[in-house]
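Trainee: I need the structure of the sequence given here:
(chains A, B and C)
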Amino acid sequence: MEMAIMDIVKYAVYILIFPGALFTCVFGLWLAGVDRKVVARMQKRKGPPIMQPTWDFLKLCGKEVIVPANAARGVYMAAPYIGLASLIVTVLFIPIGGFQAFGSAGDTVVILYLMTIPTLAMIFGGSASGSPYAGVGASRTMVSIMSYELPLILVLLAVGRAAAPEGYYFTFSLAQIDVMQQLAGSFLFDWRLIPAAVAMLLVIPCEVGQHPFDVGEAETEICEGPLAEYSGAPLAAFKLSHAIKMFVMTALFCALFLGGVTTGMVWLDVVLTLVFCTVVTLVCMTLLHAVSARFRVEQLFKFFWTVVSGFALVSLLLVWFC
Amino acid sequence: MLPFVKEAVQQLFSKPSTEAYPAAPAPAAPGYRGRIVFHADRCISCGMCERVCAGGAISTTSEETEEGTLITRRFFLGSCTFCANCADFCVKNAIELTDDYHMVARDENDLVVTGTYLKKKPAAKKPAACNADEPESTVKPRDDGLPVSDPAKCVYCTLCAKKCPAGALTVDRKEKIWKLDEDKCIGCGTCHEVCPKKAIIM
Amino acid sequence: MFKKLIDNAAAKSPWLYHINAGSCNGCDIELVAVLTPRYDAERLGFKLAGTPRHADIVVVSGPVTVQSKDRVLRTIEQVPDPKVIVTLGSCPRSCNVFKGSYSVAGPLDKYVPIDVSIAGCAPKPEAIIDGLALAAKILKEKREAKK
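Mentor: This is a model prediction of the structure:
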């Protein structure tokens, strides 16, 4: 009985504080703030304070919530929170510096499924709002999902193959991937997996909806697409999911390619991983945002299914045969 | 894309080109036309500014008091185009456009510039003894009933030329010329009435 | 405490929505200048929002022509509370040189209350920053006045 209570407390802490809701929100908003600040500096501007996304989030919480007359109210209001919840669940499956709240034999598959939910929530919410901008945005978001899912699966397969234990073709367990990297060194320095790492770096901004690949939420073209009709707290939830996605995807990159860096102390490993997350954000999202213009929808699709998928496939073949 | 990457990284480690404006003052460029300042004591009520104002921002109200007419000129900056036509046309340089650009207001009255001055009652109503002190005009009215200007009083504000229905008057402020085309003049007396300095005699 | 935090945030993250109600484009260019690296309004938290639903501050430029009147009013209605309406330049405040034209239905304060007017034709970017900072302050006041 006592054990059961201890377990409940432990899992409650995992879900609500670390690495769940509270920590993810705070670190996600911090990452978003760093991203905005550094983009501004790269464009020779002073840029907003690091706290800016937090202020934005708090402000949106205090705004009036408008539900359009022709919106499907239930879906419209529920979608942002479903997306946010699924993202927080995703974090529990990603090892942060070797610390994994919930482990399973099929982590990567679970993550693959969970990561589509926020994007689907955005599509459903947008479609439910009844705005033509949201309609265009939803269809574009669908194209971007199809674009990045294929290379993402190929990357996960390549890494899974490289980390597979004796006698297995693949592993889908992130814990196993971490163990393998502790033995063989980080996969980022494995020459066979470098193309996969490059592909992953390009998948991250597309998944997050960052600048060169943000066809679905193009602010200047289609008024942030699916978010066009949202205001107040639901919009705040979407903005928060966007920030958290940055953290989730960079943490996933760290787990896949930068694992096995251990100092012996768990908290130091966690801090180290968070630093890596920030660096990955700066490289793949901030720098790319500052130097490139938005892709068109069909360009995005073509780019991801040829170049990025190509990189990931090369890696998979190399891992398989070398 | 590579040159952009180089530029972005370079900028990341150099000073931003952003101005510190709200923290540090930013003076306007020389010749900037900003908030209007009206020197009421110089105004001669010729009304030229009101006439040339493009945005219709200038209005005048008057109030009769015992000492004379209290005239208030009102400049509404919320309707001003800052073209400086009023300042250019003002003969007495009573209007000035400063380089103050901080024209932000919650209340409409914060955007209003006013000036009040007293226009004393005409000397004719004063006792005759005082009247004698004033120098007698050297210009005599013409016999044919056409107007004539007293150069001692005229400020070349061009108001008479603007008002003249026949376009018979030419006034050049710079050259200080007041010329009447006798063939065109119809002797209506409008110029005599509008002259702010009562310089036209008929 | 949480309410106070949100109240403070209201002044720190004002998002703009810009409506051109028949403006000559002078004020619009100056507003864009405010977002350039030289003035960088983003450092004060200002951001140009794509849709009125995300906006806190509605910036109107132009004398509100007959054609644009309905659209301007409809757009302003769509902005969630608390909102602040800012007039940019002399036109929306008084119609300026377009006063009395057959095609002008302004000024704007015939239809909605104006919170902040920025005078100038067109205003200097510094003056616009002044006006927007004042608008952000009003936003906080309105937020505090609620409940």
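Trainee: switch to C-alpha atoms for all contacts and neighbour counts from now on
Mentor: Will do.
Trainee: domains of chain B?
Mentor: B:26-122, B:140-201 (automatic domain parsing).
Trainee: residues touching whichever residue of chain C sits closest to chain A, list them.
Mentor: Going by C-alpha to the nearest C-alpha, chain A is nearest to residue C:43 of chain C, at 3.8 Å. With contacts defined as C-alpha atoms under 8 Å, 6 or more residues apart in numbering or on different chains, the neighbours of residue C:43 are A:46, A:47, A:48, A:49.
Trainee: and with 10 Å instead?
Mentor: When contacts are counted by C-alpha atoms under 10 Å, 6 or more residues apart in numbering or on different chains, residue C:43 touches A:37, A:40, A:45, A:46, A:47, A:48, A:49, A:52, B:18, C:12, C:35, C:37.
Trainee: Can you tell me how far the fourth one is from chain B?
Mentor: This points to residue A:46. Computed as C-alpha to the nearest C-alpha, to the nearest Å, the residue A:46 to chain B distance reads 6 Å.
Trainee: Can you classify that residue by secondary structure?
Mentor: Following DSSP: H, G, I helix; E, B strand; the rest coil, residue A:46 is assigned to coil.
Trainee: one step back: quick check, nearest of the contacts of residue C:43 to residue B:201?
Mentor: Nearest to residue B:201 among the contacts of residue C:43: residue C:35, at 60.9 Å, using C-alpha to C-alpha.
Trainee: Would you mind naming what in chain B lies close to chain C?
Mentor: B:16-22, B:25-28, B:32-35, B:53-57, B:76-83, B:100-108, B:110-111 (C-alpha under 10 Å from any C-alpha of the partner chain).
Trainee: List buried residues within those.
Mentor: B:16-19, B:21, B:33-35, B:53-57, B:76-82, B:101-106, B:108, B:111 (16 or more other C-alpha atoms under 10 Å in any protein chain shown).
Trainee: Go through these and flag which are in helices.
Mentor: Judged by DSSP state H, those include no members of helices.
Trainee: Residue B:23: helix or strand, and which one exactly?
Mentor: Counting by DSSP states H and E, no helix or strand carries residue B:23.
Trainee: Next, work out how far apart it and residue B:140 are.
Mentor: For residue B:23, the distance to residue B:140 equals 65 Å [C-alpha to C-alpha, to the nearest Å].
Trainee: Look at those two and report which has more neighbours.
Mentor: residue B:140 (11 against 7; other C-alpha atoms under 10 Å in any protein chain shown).
Trainee: Buried residues, the lowest-mean-pLDDT helix or strand in chain C. List them.
Mentor: Within chain C, no helix or strand scores below helix C:2-12, which has a mean of 81 by mean pLDDT, DSSP states H and E. Across helix C:2-12, burial judged by 16+ other C-alpha under 10 Å covers C:6, C:7, C:8, C:9, C:10, C:11, C:12.
Trainee: Could you do stretch A:101-114 as well?
Mentor: Using 16+ other C-alpha under 10 Å as the test for burial, stretch A:101-114 gives A:101, A:102, A:103, A:107, A:108, A:111, A:114.
Trainee: just stretch C:73-88 next, same as before
Mentor: Within stretch C:73-88, the residues that count as buried by 16+ other C-alpha under 10 Å are C:75-76, C:78-88.
Trainee: Mark which of these are part of helices, please.
Mentor: If you go by DSSP H, these have C:75, C:76 in helices.
Trainee: In this structure residue A:277 contacts residue A:247, no?
Mentor: Yes: contact criterion C-alpha atoms under 10 Å: residue A:277 and residue A:247 qualify, at 7.0 Å.
Trainee: Quick one: end-to-end length of stretch B:173-182, please.
Mentor: Start-to-end span of stretch B:173-182 (C-alpha to C-alpha) is 20 Å.
Trainee: Just the mean pLDDT for that stretch, thanks.
Mentor: Across stretch B:173-182, the average pLDDT comes to 81.
Trainee: ok, back up a step: would you format the buried residues of helix C:2-12 as JSON lines with distance to chain A included?
Mentor: Output for these, formatted as JSON lines (distance: C-alpha to the nearest C-alpha, whole Å):
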{"residue": "C:6", "distance to chain A": "5"}
{"residue": "C:7", "distance to chain A": "7"}
{"residue": "C:8", "distance to chain A": "8"}
{"residue": "C:9", "distance to chain A": "5"}
{"residue": "C:10", "distance to chain A": "5"}
{"residue": "C:11", "distance to chain A": "8"}
{"residue": "C:12", "distance to chain A": "6"}
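Trainee: any idea which of these is the one closest to residue A:28?
Mentor: residue C:9 (18.0 Å).
Trainee: one step back: quick one: which of the domains of chain B is nearest chain A?
Mentor: Taking C-alpha to the nearest C-alpha, domain B:26-122 is the member of the domains of chain B nearest to chain A, at 17.1 Å.
Trainee: circling back to that earlier point, after the least confident helix or strand of chain C, next one along is what?
Mentor: strand C:15-20.
Trainee: So for the very next helix or strand once past that following strand, mean pLDDT?
Mentor: Sequence order places helix C:26-35 as the next helix or strand after strand C:15-20, per DSSP H and E. Averaging pLDDT along helix C:26-35 gives 89.
Trainee: do whichever helix or strand comes after helix C:26-35 and chain B meet?
Mentor: Sequence-wise, the next helix or strand downstream of helix C:26-35 (DSSP H and E) is strand C:47-48. No: contact of strand C:47-48 with chain B (C-alpha under 10 Å from any C-alpha) is absent, the minimum separation being 16.1 Å.
Trainee: Mind listing the strands strand C:47-48 pairs with, and their directions?
Mentor: Strand pairing for strand C:47-48, determined by DSSP bridges: strand C:15-20 (parallel).
Trainee: what does chain B have sitting close to chain A?
Mentor: Within chain B, the positions adjacent to chain A are B:1-20 by C-alpha under 10 Å from any C-alpha.
Trainee: now, which of those lie within strands?
Mentor: Secondary structure defined by DSSP state E assigns none of these to strands.
Trainee: what angle separates the lengthiest helix in chain C from strand C:15-20?
Mentor: In chain C, assigned by DSSP H, the helix with the most residues is helix C:125-145. On the basis of axes from the mean of the first three to the mean of the last three C-alpha atoms, to 10 degrees, helix C:125-145 is oriented at 120 degrees to strand C:15-20.
Trainee: pretty sure residue B:120 is touching residue B:69, no?
Mentor: Yes: Residue B:120 sits in contact with residue B:69 when judged by C-alpha under 10 Å, with a separation of 6.5 Å.
Trainee: any bit of stretch A:25-36 sitting next to chain B?
Mentor: No: Stretch A:25-36 lies out of reach of chain B by C-alpha under 10 Å from any C-alpha, never closer than 12.3 Å.
Trainee: Columns distance to chain B on top of the buried residues of stretch C:73-88, output as JSON lines?
Mentor: Listed next are these as JSON lines, based on distance: C-alpha to the nearest C-alpha, whole Å:
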{"residue": "C:75", "distance to chain B": "22"}
{"residue": "C:76", "distance to chain B": "18"}
{"residue": "C:78", "distance to chain B": "23"}
{"residue": "C:79", "distance to chain B": "20"}
{"residue": "C:80", "distance to chain B": "21"}
{"residue": "C:81", "distance to chain B": "19"}
{"residue": "C:82", "distance to chain B": "17"}
{"residue": "C:83", "distance to chain B": "14"}
{"residue": "C:84", "distance to chain B": "11"}
{"residue": "C:85", "distance to chain B": "11"}
{"residue": "C:86", "distance to chain B": "9"}
{"residue": "C:87", "distance to chain B": "10"}
{"residue": "C:88", "distance to chain B": "10"}
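Trainee: Kind regards, and thank you for your time.
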